Every structure is written in C-alpha cells, then in structure tokens.
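How does the following fold in three dimensions:
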Amino acid sequence: MRLLKIVFIIFVLLFWVAEVGRLQLSNGIAISLNDVLLSIVILVWIVNHILRKQKLVLGKLFKPIFFFATIGLISLLLNLPNLGINNLLISSLYLIRWAAYALIYIIANEFDSKFKNKISYLLLFSGFIVVLLGYIQFFFYPSLRNLYYLGWDEHLYRMFSSFLDPNFAGAFFALFFLFCFAFALKHWQKKESFKTSAIFVISIIDLVAVYLTYSRSALLMLIVGAIIFLIIQKQKKLVVATIIILLAIVFFLPKSFITEGTNFLRITSSGERINSLQTGVRIFQESPVLGVGFDAYRFAQHKIGMTNIYWDVTHSGAGTDNGLLFVLTTTGIVGFCAFIYLLFKIFSLAKRNFKKNFYSLALFSGLAGLIFDGLFVNSLFYVFILEWVWILCSLTENS
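The predicted model follows:
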C-alpha cells in the first residue's frame, strides 16, 4: 500500500502537466504524461491486490460506472460494420481511457482517512500550480498560433494554462474555486485563521484566472456553482449579490487587447456552436437507440461530409460542443439514460455527506456548474477534469 500511495501522490502532484505532456500520435491518437502515470498507479494497485489478496472496495458508484462503460462498449461493437476494425479500435481507446480514469475513484476508496486528508492538500497544490502557469502563459505566451498544425486553436490573449484551451482551463478554474472556497470554509469553522486566509487568497487569484480565460461557459459555470454552494450553505440572501458581483467583474477586465476571443459578446463562436448542435442532432437521428459508437463521433461526422481537411487531427472534430448531446449521439438514448443515472448517483453521494465533509459541498456545486458548462463545451468528458471529479467522489464517500 505504501508504494501505491507514493505513485498516487506523484500522479496528483503532476496533474498540472495536463496537455503540455501530450504526445500526439497518428490517426488522432494521443497519450499524455497523466495517462502514463495513471497506468502505473493502476498497475501497482492490481499487483498490490494480487499479492495481498485483498477484497476490492468498489464503492457506491461502481454499478453506474460499469453500466455506462458497458453500454459504451456495446454501442461500439454494434457499429463495427460502419466503423471497420481500425476505426473501432481507435474509438475504443477513449472508452478504455474513460474507464481508467474512473478507476481513480475505486483506487482512492481504499486509502485511509489520514492519507485522504493529505490528498486534499495535494489537490490544492496541483490546482494552484495550474493557475500560476496560467498567469505565466497569459503574460509571456499569449497565443497558440505556432501549434495550429497540431489541431489547437489560436486563443489569442486568453488564459489557457497547461490545458492549451481557455474553455477547459476556465471550467477547471471554476471547479478549483469552489473546492478552495469549501476548503477555506472547513478551516474557518475550525478557527484555523492562517490556513483559512491562505486558501482564501488562492481562491481570489483563481477567481481572476476564470475571467482571464474570457470563457463565457466557465463564467456561467462559476455563477451556477456559486449559487448552488450558497443555497446548500443556507445563504440564499447572498445569491443575488453574488450574481451581480460576478457579472460586474467582467467590466474590469483588461481592455488592452481587443480580439474576437476576448469579447464576451462575440457571436462567431456562438454561430459555430449552433452549427455543432445541428450536426449533432443530425447524427443522433441516424442512430437514436445506441448511437454511432462511443467516441466514434469524428468518423460519423466524416461519413456525412461535415468535416474539413484536418478532420483526423483537429481536437474539435472528436465531439460536439454539448456534452449531453455527445452522449446521445455516441451511445444513443440507452447510453444517455445510463449517464444521467451516473450523474444522479454522484449528486446523491454528495448530498448524503453534506454534514460529514467539505468535499461533498465542492463536488455537488462543482458538478452542477460543470453540467451547465458542458452544454457549451464538452468538459464532462475532458479527462483532466474527470480526474479531479473522480478524486472528489472518493474523498466525499470515505472521509
């Protein structure tokens, strides 16, 4: 167990590497340092169980996780005639990756309470590193133009940190803000003034980072998450004031560099999202029951002629902007019901533990905001955000 804890610590501490540690292979396949470290964690966990002959601690979310993953596999196998062996194998890699990251929840369930308390500080450290890297990037590396050939958008004068995408970075910053606020509240209740103040300062620095991504979906996620947070804490009187303050901050953002991406009223990306939704609906109508195959969206788009010459490498081609629509198109109505059931069980898990630990508060409000964010950006299936969510699920259940 000691070795497992060591490799898990390394895995969490290097979370900040994210997309910077990504190695792009052929056919849209990529592997990141986080993937490699997670594979090591899983391997050590398996060997540990074989040697010690310990019983698995599956947890309350195992069944819905297994149910959704199984439907994802079935959707792929049934679409074998349309995909072919090669495309099916490529699409199945993300299902394997999704399942691997879900294993984080099961693995972390086996840690003792003392170690889990340490994990919360590891999350705080890693999250803050992502934020600091965002500020360094914002001032010294304001554009991804030189990586356009690898499928990245330019994102001029926007904070994207090590995620290399301001929308995903913004979603993480909002998630991290709610985590920090809940963590600070925990120490405030214990009257630990120094820790409370330190974490509060980190949360403010992170809050500014959310706005510097100029991501409207992240701002919406922040507002929704904050509202849910306050309602859970029975502070309904602060809801209106919080909304006004969070919206007012927009008018104090830097005006030095005006581009389409830094304009919160921009319409270009809105038009692209509408087109993405229309394409998604069209693909869903082709196979409404079990979809076109989990993570086979890229090939489904290409089949109906809705792709460009970079369709096999561009990151936006792998799915639709709406996460729920992504589930509908790739796993159909059956998979969508399974995914909603999984979300319901996570919310139920968090709700049962409101009085037990602060993780439940961060998980419930963060996931609620993430669902709204997922209506505009497919953050619900972004593995680095999933990594954070699965760890929170485990800490919520057994702390």
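
Run through the neighbouring helices and strands of the helix or strand bottoming out on mean pLDDT in the chain.
Here the helix or strand of the chain ranked lowest by mean pLDDT, DSSP states H and E is helix 297-303, holding a mean of 74. Secondary-structure packing of helix 297-303 (3 or more C-beta pairs under 8 Å, 6 or more residues apart in numbering; DSSP states H and E): helix 80-109, helix 268-286, helix 323-352. Backbone N, C-alpha and C define where each C-beta goes, glycine included.

ok, 7 Å please
On a contact count with 3 or more C-beta pairs under 7 Å, 6 or more residues apart in numbering; DSSP states H and E, helix 297-303 meets helix 323-352.

starting at the chain centroid, how far to the helix it packs on?
In terms of C-alpha atoms, centre = their mean, to the nearest Å, the centre of helix 323-352 is set 15 Å apart from its chain centre.

helix or strand for residue 23, which one?
For residue 23, the host element (DSSP states H and E) is strand 22-24.

Can you point out the buried residues in that strand?
By 16 or more other C-beta atoms under 10 Å, the buried positions in strand 22-24 come out as residue 22.

How about stretch 344-361?
345, 346, 349, 350, 353, 357, 358, 359, 360, 361.

hey, where'd the helices end up in this protein?
2-13, 33-52, 62-78, 80-109, 113-140, 166-189, 193-212, 216-232, 239-248, 268-286, 297-303, 323-352, 358-373, 383-397 (DSSP state H).

what's the spacing between residue 295 and residue 66?
18 Å (C-beta to C-beta, to the nearest Å).

So between these two, which is more surrounded?
residue 295 (25 against 15; other C-beta atoms under 10 Å).

Look up the closest residue to that one, ignoring the ones flanking it.
Closest residue to residue 295 apart from its sequence neighbours, by C-beta to C-beta, 6 or more residues apart in numbering: residue 94 at 3.8 Å.

these two touch, right, the one you found and residue 297?
No - Residue 94 lies out of contact with residue 297 (C-beta atoms under 7 Å); the separation is 10.0 Å.

more neighbours, these two?
Using other C-beta under 10 Å as the criterion, residue 94 and residue 297 rank with residue 297 on top: 24 against 20.

Just to check, that one is in contact with residue 330?
Yes - counting by C-beta under 7 Å, residue 297 does reach residue 330; the two are 5.6 Å apart.

Tell me where the model's unsure across the stretch 1-150 of the chain.
Along the stretch 1-150 of the chain, the parts satisfying pLDDT under 70 run over 26-28, 147-150.

related to what we said a few turns ago, now the helices of the chain as CSV including distance to residue 159?
Below are these laid out as CSV (distance: least, C-beta to C-beta, whole Å):
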stretch, distance to residue 159
helix 2-13, 22
helix 33-52, 20
helix 62-78, 32
helix 80-109, 25
helix 113-140, 4
helix 166-189, 6
helix 193-212, 4
helix 216-232, 10
helix 239-248, 17
helix 268-286, 16
helix 297-303, 28
helix 323-352, 22
helix 358-373, 16
helix 383-397, 16
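
out of those helices, which comes closest to residue 22?
helix 33-52 (7.9 Å; C-beta to C-beta).

thinking again about what came up before, and which of the buried residues of stretch 344-361 is nearest to residue 15?
residue 359 (16.6 Å).

where's that closest one relative to residue 185, distance?
12 Å.

Likewise for residue 245?
Taken as C-beta to C-beta, the span from residue 245 to residue 185 is 18 Å.

quick one, which of the two is more surrounded?
Taking other C-beta under 10 Å, residue 245 and residue 185 do not tie; residue 185 has more neighbours (18 against 11).

Just give me how far the least confident helix or strand of the chain sits from the chain centre.
23 Å.

Next, the buried residues of that helix.
Under 16+ other C-beta under 10 Å, the buried positions of helix 297-303 are 297, 298, 299, 300, 301.

got CSV for those residues, with distance to residue 55 too?
Converted to CSV, those look like this (distance: C-beta to C-beta, whole Å):
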residue, distance to residue 55
297, 38
298, 40
299, 41
300, 42
301, 44
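
So what are the sheet partners of the strand holding residue 23 and their directions?
Taking DSSP bridges as the criterion, strand 22-24 forms sheet pairs with strand 30-32 (antiparallel).

Next, the buried residues of the partner strand.
For strand 30-32, the neighbour count (16+ other C-beta under 10 Å) marks 30, 32 as buried.

what's the closest of the helices of the chain to residue 158?
Within the helices of the chain, the stretch nearest residue 158 is helix 166-189; the backing value is 4.2 Å (C-beta to C-beta).

CA atoms only for the closest one, dumped as CSV, please.
Output in CSV follows, covering the C-alpha atoms of helix 166-189 (Å, rounded to 0.1, in the frame of the first residue of the first chain):
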residue,chain,number,x,y,z
PRO,A,166,-9.3,28.6,-22.4
ASN,A,167,-12.7,26.9,-22.1
PHE,A,168,-11.4,23.8,-20.4
ALA,A,169,-9.0,25.9,-18.3
GLY,A,170,-11.9,28.1,-17.3
ALA,A,171,-14.0,25.1,-16.3
PHE,A,172,-11.2,23.8,-14.2
PHE,A,173,-10.6,27.2,-12.6
ALA,A,174,-14.3,27.4,-11.7
LEU,A,175,-14.1,23.9,-10.2
PHE,A,176,-11.0,24.7,-8.3
PHE,A,177,-12.5,27.9,-6.9
LEU,A,178,-15.5,26.0,-5.4
PHE,A,179,-13.0,23.5,-4.0
CYS,A,180,-10.9,26.2,-2.4
PHE,A,181,-14.0,28.0,-1.0
ALA,A,182,-15.3,24.8,0.6
PHE,A,183,-11.8,24.0,1.9
ALA,A,184,-11.4,27.5,3.4
LEU,A,185,-14.8,27.2,5.0
LYS,A,186,-13.7,24.0,6.7
HIS,A,187,-10.7,25.6,8.3
TRP,A,188,-12.7,28.7,9.2
GLN,A,189,-15.2,26.5,11.1
